[in-house]
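In: Let me see the structure of the following:
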Amino acid sequence: MGFRRPLFPRKASRAVAAGVIVPLTVALATAVPAAAAVPTGFTDTVAIGGLSSPTAAAFAPDGKVFVAEKSGLVKVFDSLSDSTPAVFADLRTQT
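Out: Now for the predicted structure:
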């Protein structure tokens, strides 16, 4: 058998990951800090609490919220009102 070309070349998958993860991480990193003044007419509310160093978040079409933590845990919430996440993936041994 000959050499098989991968379905998604390594460079392409890196580009896709960079195109999705980097903007999301930048958006989270540049979010307004909780101590900042909130403009008149707005309120500052914690959407999901109890996280340990969240680094990325993604919203699924069905309303689920996936949150990646620096430790390597990926948690999934059924909705923004869910206060008890399930562990979606445990990547701590790889990180």
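In: in the protein, which spans are helices?
Out: In the chain, the helices defined using DSSP state H lie at 10-29.
In: can you list the weak-confidence ranges in it?
Out: By pLDDT under 70, the low-scoring segments of the chain are 1-35.
In: those strands in it, which residues are they?
Out: In the chain, the strands defined using DSSP state E lie at 54-59, 65-69, 73-77, 86-90.
In: who touches the second one?
Out: Yep, that's strand 65-69 we're talking about. Strand 65-69 has contacts (C-beta atoms under 8 Å, 6 or more residues apart in numbering) with 48, 51-60, 74-77, 79-80, 82, 85, 88. Using the backbone N, CA and C atoms, a C-beta is placed for each residue, glycine as well.
In: swap in stretch 83-95?
Out: Contacts to stretch 83-95, defined as C-beta under 8 Å, 6+ apart, come from residues 49-50, 66-67, 71-77.
In: Buried by neighbour count, from those: which ones?
Out: Among these, those scoring as buried are 66-67, 73-77 (criterion: 16 or more other C-beta atoms under 10 Å).
In: Just to check, residue 44 is in contact with residue 37?
Out: No - using C-beta atoms under 8 Å, residue 44 and residue 37 do not qualify as a contacting pair, with a distance of 9.4 Å.
In: which of these two has more neighbours?
Out: Neighbours per residue (other C-beta atoms under 10 Å) separate residue 44 from residue 37, with residue 44 holding more: 11 against 8.
In: separation between the residue nearest to that one when sequence neighbours are not counted and residue 45?
Out: Leaving aside its chain neighbours, residue 44 sits nearest to residue 38 (4.8 Å; criterion: C-beta to C-beta, 6 or more residues apart in numbering). The gap separating residue 38 from residue 45 is 10 Å, by C-beta to C-beta, to the nearest Å.
In: same thing with residue 52?
Out: Note on residue 52: its distance to residue 45, by C-beta to C-beta, is 20 Å.
In: between those two, which one's more packed in?
Out: Ranked by neighbour count (other C-beta under 10 Å), residue 52 and residue 45 place residue 52 first, with 9 against 6.
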